[in-house]
Structure formats: C-alpha cells, structure tokens
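S.K.: Requesting a structural model of the entry that follows:
(one chain, ligands or ions: 1)
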Amino acid sequence: MSEARNNYKLRDEIKDYWSLRAEKFDLSAGHEIFTQSERDAWYQLITEHIGAGKGRKALDLASGTGVISHLLFDLGFQTTGLDWSETMLAKAREKSEIRKSDIKFIIGDAENTMQPLGTFEVITMRHLVWTLVDPKAAMQHWFDLLQSGGKLLIVDGNFKQADWRRKLIKMVASLFSMFEGKDRHGRDAQMMKTHNHILQRVYFNQGVTSVAVVEMLTDIGFKDISVQTDLSTIHRAQAKGLGFFKFLDRSVQHRFAISASKP
Ligand SMILES: C[S@@+](CC[C@H](N)C(=O)[O-])C[C@H]1O[C@@H](n2cnc3c(N)ncnc32)[C@H](O)[C@@H]1O
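M.R.: Numbers count the residues shown, from 1 in each chain. As a prediction, the model looks like this:
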C-alpha cells in the first residue's frame, strides 16, 4: 500500500474519531470554558502572544466546537473556524447562533485548507499539532496562508509524556477509582483503543514537544518565536472542574503556547 494511501486512511480515522467525540466534547473542563477566571486567563494568553483583535482576520484551525474561535471573536478578531468534522462544526455553529457571534465555520483540512494564501493576519490552533500527519508541510502551509507580519499561535501538549510524576499521579488516582472504565473525557474502552491506535501512527507518536515545534517553525522561516510552558494560570482556573488528580496531572504535563511571526 502506498504512503499516500496509508496517510489517507489515518486522516479518515482521526476525523471519524473526533466526530464521535463531538457530542460530549464540551462537557469536559479543559475543553469548554466554565468560569470567567478561565476565560480571562485565555484572553490574557492570546493577547500576550498575538495582540488585540482590532478586526484582524483570524483563522482558528481545528476549531472543534469553537471554544478558541469564540475567544478570538470576543477579543475583536474577524474569525473563521475551520475543522474537518461535520459534527464538531455543527456544535460550533449551534453555539455561535446562541452567542450571536458572527464567526464563519467552514469545513476543511488544517494541513491543506484550500484558503487563499497570504490573506490571514492571525492563525491559531489548540490541540491540533499532536495529531498532524505531516506537521512540517502543515506549518509551511500556515506560513503561506499568513500575510507578511502575520502571527501564528499554537497551544498544545505532550499527551504521551509518561514520566514518574504522571505515573505516580495515575496510580494514586486509580486507587481512588478516578480512572474506572471510562477515562476523564468519558471515552469508553473502544474509543481509548482508537485513540491509542491513532497516536501510534501520527508523526509525533512519541509526543509533541515545544522544542520540536520551534525547530520546525525556525526551519520554515518563522521569526520572533516565543515559547510559554507555564500555563498554570489557566490550569488553576480549570482546577475545580478538573478535580484534584486531573489538575495535578495537568500541572506536571509538558503543555505549551508558542507564537511566531511571518517576516
Ligand atoms: C482536541 S480537538 C480541539 C478542538 C479545539 N481546537 C479546542 O481546543 O477546543 C481536535 C479537533 O481537531 C480537528 N482536527 C484534527 N485534525 C484536523 C485536520 N487535519 N484538519 C481539520 N481539523 C482537524 C478534529 O476534528 C477536532 O475537532
């Protein structure tokens, strides 16, 4: 079987996996935002990295149910959300109607968006990079989509990281029956199996790190790269919804926000 065919199958599997997750996606703390303190923490992170909206044209890639797209809208960006899952997009559009936000939600592949090149002033994404099939080509595409002076913001984490601290937290948590049957996102055994099957075959199958992302962005020609690995303000704001062990786990995980500019 050719490489292209293999990739096609993997992409389909990722898309189907997220489509199945759409229904319950917003129920999890860490996905949807449930408190003003968390919302404020996100506003601060976004503004510090890419500045105020001021009507700038933003593309939120892998927008899912539109959580980040709505933050961008609130901050005054002219926002388009792009995702390849119809069910995720349906949720995002529902929310947009309720919140009366005029975000445009469109279907597409974040690795090859089919959007006009050189037209966006800002590109954002949360929790996309770790499942990219061809991240270097994707980042080159984002570079091409941006106007000169445009900004990229990547928020992600190493979900494969299995150091002793995470192992210990998981072990103690399981003693308290926190991870029984379903995991913290409400995924059943089959969903977790699919998740692991996908994770074994994506580019960052050992987990994505800020160092690896910065290396790729630098190679492509991005400048003014800024890396933030302390997301504790956001995690503290999420703590109540996450519960003690999940909060603890998140606190030791390598999570990061990286912004960069197109010269
Ligand atoms: C973990 S969710 C994150 C959603 C949203 N960014 C957030 O943080 O709330 C991942 C989303 O990425 C989408 N996705 C993954 N790979 C994609 C791709 N290549 N193109 C478009 N969407 C993609 C999935 O459909 C899913 O909605």
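S.K.: Would you map the strands across the protein?
M.R.: Applying DSSP state E to the chain gives strands spanning 57-61, 78-83, 104-107, 120-126, 146-157, 223-228, 255-261.
S.K.: Make JSON lines out of those and add mean pLDDT.
M.R.: Listed next are the strands of the chain as JSON lines, based on pLDDT from 0 to 100:
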{"stretch": "strand 57-61", "mean pLDDT": "98"}
{"stretch": "strand 78-83", "mean pLDDT": "98"}
{"stretch": "strand 104-107", "mean pLDDT": "98"}
{"stretch": "strand 120-126", "mean pLDDT": "98"}
{"stretch": "strand 146-157", "mean pLDDT": "98"}
{"stretch": "strand 223-228", "mean pLDDT": "98"}
{"stretch": "strand 255-261", "mean pLDDT": "97"}
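S.K.: Tell me which of the ones you listed sits nearest to Leu248.
M.R.: strand 255-261 (13.5 Å; CB to CB). Every C-beta, even on glycine, is put in place using the N, C-alpha and C of the backbone.
S.K.: Go ahead and measure how far the closest one is from the middle of the chain.
M.R.: In terms of CA atoms, centre = their mean, to the nearest Å, the centre of strand 255-261 is set 12 Å apart from its chain centre.
S.K.: about what we covered before: could you dump the strands of the chain into a markdown table with mean neighbour count and distance to Asp40 added?
M.R.: A markdown table is the format used below for the strands of the chain (neighbours: other CB atoms under 10 Å; distance: least, CB to CB, whole Å):
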| stretch | mean neighbour count | distance to Asp40 |
| --- | --- | --- |
| strand 57-61 | 26 | 19 |
| strand 78-83 | 25 | 19 |
| strand 104-107 | 16 | 25 |
| strand 120-126 | 24 | 17 |
| strand 146-157 | 20 | 16 |
| strand 223-228 | 13 | 16 |
| strand 255-261 | 22 | 15 |
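S.K.: Go ahead and confirm Lys170 touches Val252.
M.R.: No - Lys170 lies out of contact with Val252 (CB atoms under 8 Å); the separation is 10.9 Å.
S.K.: Pull the number of nearby residues for the residue lying closest to Tyr17 once chain neighbours are set aside.
M.R.: The shortest distance from Tyr17 to any non-neighbouring residue, by CB to CB, 6 or more residues apart in numbering, is to Thr194 (5.3 Å). By the criterion of other CB atoms under 10 Å, Thr194 has 17 neighbours.
S.K.: same thing with Glu86?
M.R.: 12.
S.K.: coming back round to it: right, and the strands of the chain - which one's nearest Gln140?
M.R.: Using CB to CB, the nearest of these to Gln140 is strand 146-157, at 11.1 Å.
S.K.: partners of that closest one in the sheet?
M.R.: Here strand 146-157 has these sheet partners by DSSP bridges: strand 120-126 (parallel), strand 255-261 (antiparallel).
S.K.: Out of those, flag the one nearest the ligand.
M.R.: Comparison of the strands paired with strand 146-157 against the ligand by CB to the nearest ligand atom identifies strand 120-126 as nearest, at 3.4 Å.
S.K.: which bits of the stretch 1-150 of the chain sit near the ligand?
M.R.: 14, 18, 31, 62-64, 67-68, 83-85, 88, 109-111, 126-128, 131 (CB under 6 Å from any ligand atom).
S.K.: In this structure, which helix is the longest?
M.R.: In the chain, taking DSSP state H as the definition, the longest helix is helix 3-25.
S.K.: Send over it as PDB, restricted to the C-alpha atoms.
M.R.: Taking Å, rounded to 0.1, in the frame of the first residue of the first chain, the C-alpha atoms of helix 3-25 are listed here in PDB:
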ATOM      1  CA  GLU A   3       2.400   6.000   1.700                       C
ATOM      2  CA  ALA A   4      -0.300   8.400   0.400                       C
ATOM      3  CA  ARG A   5      -3.000   5.700   0.800                       C
ATOM      4  CA  ASN A   6      -1.800   5.000   4.300                       C
ATOM      5  CA  ASN A   7      -2.000   8.700   5.200                       C
ATOM      6  CA  TYR A   8      -5.400   8.900   3.700                       C
ATOM      7  CA  LYS A   9      -6.600   6.100   6.000                       C
ATOM      8  CA  LEU A  10      -5.000   7.700   9.000                       C
ATOM      9  CA  ARG A  11      -6.600  11.100   8.300                       C
ATOM     10  CA  ASP A  12     -10.000   9.400   7.900                       C
ATOM     11  CA  GLU A  13      -9.600   7.600  11.200                       C
ATOM     12  CA  ILE A  14      -8.600  10.900  13.000                       C
ATOM     13  CA  LYS A  15     -11.600  12.600  11.500                       C
ATOM     14  CA  ASP A  16     -14.100   9.800  12.500                       C
ATOM     15  CA  TYR A  17     -12.600   9.700  16.000                       C
ATOM     16  CA  TRP A  18     -13.200  13.400  16.600                       C
ATOM     17  CA  SER A  19     -16.700  13.200  15.000                       C
ATOM     18  CA  LEU A  20     -17.600  10.600  17.600                       C
ATOM     19  CA  ARG A  21     -16.200  12.800  20.400                       C
ATOM     20  CA  ALA A  22     -18.200  15.900  19.300                       C
ATOM     21  CA  GLU A  23     -21.400  15.100  21.300                       C
ATOM     22  CA  LYS A  24     -19.700  15.100  24.700                       C
ATOM     23  CA  PHE A  25     -16.600  17.300  23.900                       C
END
